[in-house]
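Enquirer: When you get a sec, could you give me coordinates for this:
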Amino acid sequence: MRSRTSVTLLAAAACLSLGLTGCSSSSSGGGGATTTLTVAEWTNPGAIQFTEQLDAKFEKAHPGVKVKIQQAPTSNGAWGTLWNSLLQSKSVDVLGLAAPTQAGFAPSYTSLKPAGAAALIQAGQLVDLKNEPFMKNYDATEQAAAVGHGGGVYGVMAAQYAAAGAIWYKKDLLAKYHLSVPTTFQEFVDDCAQLKKAGVTPIFVSGKDGMQGGVWQGVENQALMAGKPAADSVKVSDDRADAFWKGTQSWTDPVYQDASARYEQVMKYIEPNAAGVAQLTAPGVWAARANDYPFLLDGSWDGAVIQKANPGLKLGFFTMPGTDTASANRVSLRPDLTWMVPTSAKHRQLAMDWLSMFSQPENYQQWLKLTGSVSTQPAVQNTGLDWMDWLNGHMDGAFQQLANPWVPAGAPLDAAGPDFYKLKPIGGDSVDTILNRSATAYRKSVKG
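Expert: Now for the predicted structure:
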């Protein structure tokens, strides 16, 4: 989910300073006053629309309570500035942040300090929700992997998306050229070759904002998880991170060489001017060109944007098969928006009531439809969107996207893995140059 404005407590502060008891705020609406419950999330059209709808229901069920949304876009650091400000001023009750996942908590031997939501959890600034009744609606293992620490669960991971290797497609174009959704990597590149031969540019992608990296990450994730149960994804990530830190694995290892070779094959079929395409406009541009670009490299969060740009488009979605073994080509899911309650929340019980209402299956079903999220509630499936048919049919074996190895603060970008802005064809560097640069940068950053 990409992409939330606000209310102050000046009136309440004025009442306190003047000692006017008739101005006191009450959740029951005593004396005609209102209590303001503040919910903050980054700007995402579908998520904001749902939150506004839920807030109206909540206010009706809680006379005297007003729910106020605080929002800001993720671009240019606006969202980070807002949520930090809200926490510092202790003026937010329900806060939507990206799930930290277990990668946010590096072991003590690394001396790495957590950041973002992980830092808030470690500092005791978020409420443990593990034993709240509404948490029974969610998959306990998924929630612990996304936002668990030390036995507690410090949020409700409400959204997750297919990101690594995620591909949108135009059903009519595939049908026109007698193609079906590929199940192996070779089938996918063969389809691209056939489309190109027919005079169609197979793939549209925002090379300006690095969306091409999803190809490499999709191949890498499926290769590393091949033959392993979905529940092992956290262990696979941790084991790899430990091996990287200790120098027994490197970005030049065969699995990354193979991922890079497959990446190069796919990149032969992208829009020639992809380096200038911005993520903000890519979904809409792709949707409008109904007779070209059968595939779009983009996360599953952009369904609403695509359909708004071209409501008549018959839209499909799948995860690119990264290997030539069909059974190994599973969906990897990236945890996303997670509702958290700061320990400084002025209306903690109302915050719990709001989360309880959010978690009711009929409300959560609407959240899924408006955000395009893959469900995090086992008993609820996203059936409100036609393009979800493939995902709904391929959730068996789906796993949490692997986290990158731990990287010290201040390390070069290359240390975290290949820089897809520099890698051909978006950049000018070869695969060998890119992988060797990443391996060297990682070792230097760890040795410090």
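Enquirer: Could you use CA atoms for every contact and neighbour count after this?
Expert: Noted.
Enquirer: wait, isn't W245 in contact with V446?
Expert: Yes - using Cα atoms under 8 Å, W245 is in contact with V446, at 6.7 Å.
Enquirer: the more surrounded of these two?
Expert: Each of W245 and V446 has its neighbours counted (other Cα atoms under 10 Å); W245 has more, 21 against 18.
Enquirer: May I have the helix or strand hosting D432 as PDB, with CA atoms only?
Expert: Using DSSP states H and E, D432 sits in helix 431-447. The C-alpha coordinates for helix 431-447 follow below in PDB (Å, rounded to 0.1, in the frame of the first residue of the first chain):
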ATOM      1  CA  VAL A 431      25.800  -8.400 -13.600                       C
ATOM      2  CA  ASP A 432      29.400  -9.300 -12.600                       C
ATOM      3  CA  THR A 433      30.200  -5.700 -11.800                       C
ATOM      4  CA  ILE A 434      27.000  -5.300  -9.800                       C
ATOM      5  CA  LEU A 435      27.300  -8.500  -7.700                       C
ATOM      6  CA  ASN A 436      31.000  -8.000  -7.000                       C
ATOM      7  CA  ARG A 437      30.400  -4.400  -5.900                       C
ATOM      8  CA  SER A 438      27.600  -5.500  -3.600                       C
ATOM      9  CA  ALA A 439      29.700  -8.300  -2.100                       C
ATOM     10  CA  THR A 440      32.600  -6.000  -1.500                       C
ATOM     11  CA  ALA A 441      30.400  -3.200   0.000                       C
ATOM     12  CA  TYR A 442      28.700  -5.700   2.300                       C
ATOM     13  CA  ARG A 443      31.900  -7.100   3.700                       C
ATOM     14  CA  LYS A 444      33.400  -3.600   4.200                       C
ATOM     15  CA  SER A 445      30.300  -2.400   6.000                       C
ATOM     16  CA  VAL A 446      30.200  -5.400   8.400                       C
ATOM     17  CA  LYS A 447      33.900  -5.200   9.200                       C
END
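Enquirer: which helices and strands sit right next to that helix?
Expert: If contacts are counted by 3 or more Cα pairs under 8 Å, 6 or more residues apart in numbering; DSSP states H and E, helix 431-447 sits against helix 254-267.
Enquirer: neighbouring contacts of whichever helix or strand comes after the helix it packs on?
Expert: For helix 254-267, the succeeding helix or strand toward the C-terminus, using DSSP H and E, is helix 282-288. Outside helix 282-288, the residues that touch it by Cα atoms under 8 Å, 6 or more residues apart in numbering are 204-206, 293, 296, 298, 302, 305-307, 309-310, 313.
Enquirer: rerun at 10 Å
Expert: Helix 282-288 is contacted from outside by 168-170, 203-207, 274, 277, 292-298, 302-315, using Cα atoms under 10 Å, 6 or more residues apart in numbering.
Enquirer: Which ChimeraX command selects the buried ones in these?
Expert: Here is the ChimeraX selection string for the buried members of these, based on 16 or more other Cα atoms under 10 Å:
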select :168,169,170,203,204,205,206,207,274,277,292,293,294,295,296,297,298,302,303,304,305,306,307,310,313,314,315
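Enquirer: Next step: the contacts of helix 282-288 restricted to strands.
Expert: Cross-referencing the contacts of helix 282-288 against strands under DSSP state E gives W168, Y169, K170, I203, F204, V205, F295, L296, L297, L315.
Enquirer: Report the two of those residues separated the most.
Expert: Within the ones in strands among the contacts of helix 282-288, V205 and L315 form the most distant pair, 16.4 Å apart (Cα to Cα).
Enquirer: quick one: the helix or strand hosting Q143 to chain centroid distance?
Expert: Under the criterion of DSSP H and E, Q143 resides in helix 140-147. Using Cα atoms, centre = their mean, to the nearest Å, the distance from the centre of helix 140-147 to the centre of the chain it belongs to is 15 Å.
Enquirer: Report the rounded mean pLDDT for it.
Expert: On average, the pLDDT along helix 140-147 is 94.
Enquirer: Next, the buried residues of that helix.
Expert: Buried residues in helix 140-147, counted by 16+ other Cα under 10 Å: A140, E142, Q143, A144, A145, A146, V147.
Enquirer: Kindly report the same for stretch 60-70.
Expert: In stretch 60-70, counting by 16+ other Cα under 10 Å, buried: H62, G64, V65, K66, V67, K68, I69, Q70.
Enquirer: I'd like the residues you listed written out as JSON lines, with secondary structure, pLDDT and distance to R348 added.
Expert: Shown next, in JSON lines, are those (DSSP: H, G, I helix; E, B strand; the rest coil; pLDDT from 0 to 100; distance: Cα to Cα, whole Å):
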{"residue": "H62", "secondary structure": "coil", "pLDDT": "97", "distance to R348": "14"}
{"residue": "G64", "secondary structure": "coil", "pLDDT": "96", "distance to R348": "16"}
{"residue": "V65", "secondary structure": "strand", "pLDDT": "98", "distance to R348": "13"}
{"residue": "K66", "secondary structure": "strand", "pLDDT": "97", "distance to R348": "15"}
{"residue": "V67", "secondary structure": "strand", "pLDDT": "98", "distance to R348": "13"}
{"residue": "K68", "secondary structure": "strand", "pLDDT": "98", "distance to R348": "15"}
{"residue": "I69", "secondary structure": "strand", "pLDDT": "98", "distance to R348": "16"}
{"residue": "Q70", "secondary structure": "strand", "pLDDT": "98", "distance to R348": "17"}
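Enquirer: With distance to M157 as extra columns, can I get those in a markdown table?
Expert: Output for the buried residues of stretch 60-70, formatted as a markdown table (distance: Cα to Cα, whole Å):
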| residue | distance to M157 |
| --- | --- |
| H62 | 25 |
| G64 | 29 |
| V65 | 25 |
| K66 | 24 |
| V67 | 21 |
| K68 | 21 |
| I69 | 19 |
| Q70 | 19 |
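Enquirer: and the residue nearest the centre of the chain, what pLDDT?
Expert: Centrality entry for the chain: nearest residue to the mean C-alpha point is D336, 3.6 Å, by Cα atoms, centre = their mean. As summarised for this prediction, D336 has a pLDDT of 96.
Enquirer: That one contacts Q143, doesn't it?
Expert: No - contact between D336 and Q143 fails when scored by Cα atoms under 10 Å: they sit 11.3 Å apart.
Enquirer: Mind listing the shared neighbours of the two?
Expert: Here D336 and Q143 share the contacting residues A99, T101, M157, A158, scored by Cα under 10 Å, 6+ apart.
Enquirer: beta partners for S332?
Expert: For S332, the beta-bridge partners are F399 (DSSP bridges).
Enquirer: any idea how far it lies from A379?
Expert: Counting by Cα to Cα, to the nearest Å, the gap from S332 to A379 is 20 Å.
Enquirer: Same question for N291.
Expert: Counting by Cα to Cα, the gap from N291 to A379 is 38 Å.
Enquirer: For those two, indicate the residue with more neighbours.
Expert: The neighbour count for N291 versus A379, taken as other Cα under 10 Å, is higher for N291 (13 against 10).
Enquirer: what sits against that one?
Expert: K170, D172, L173, V200, T201.
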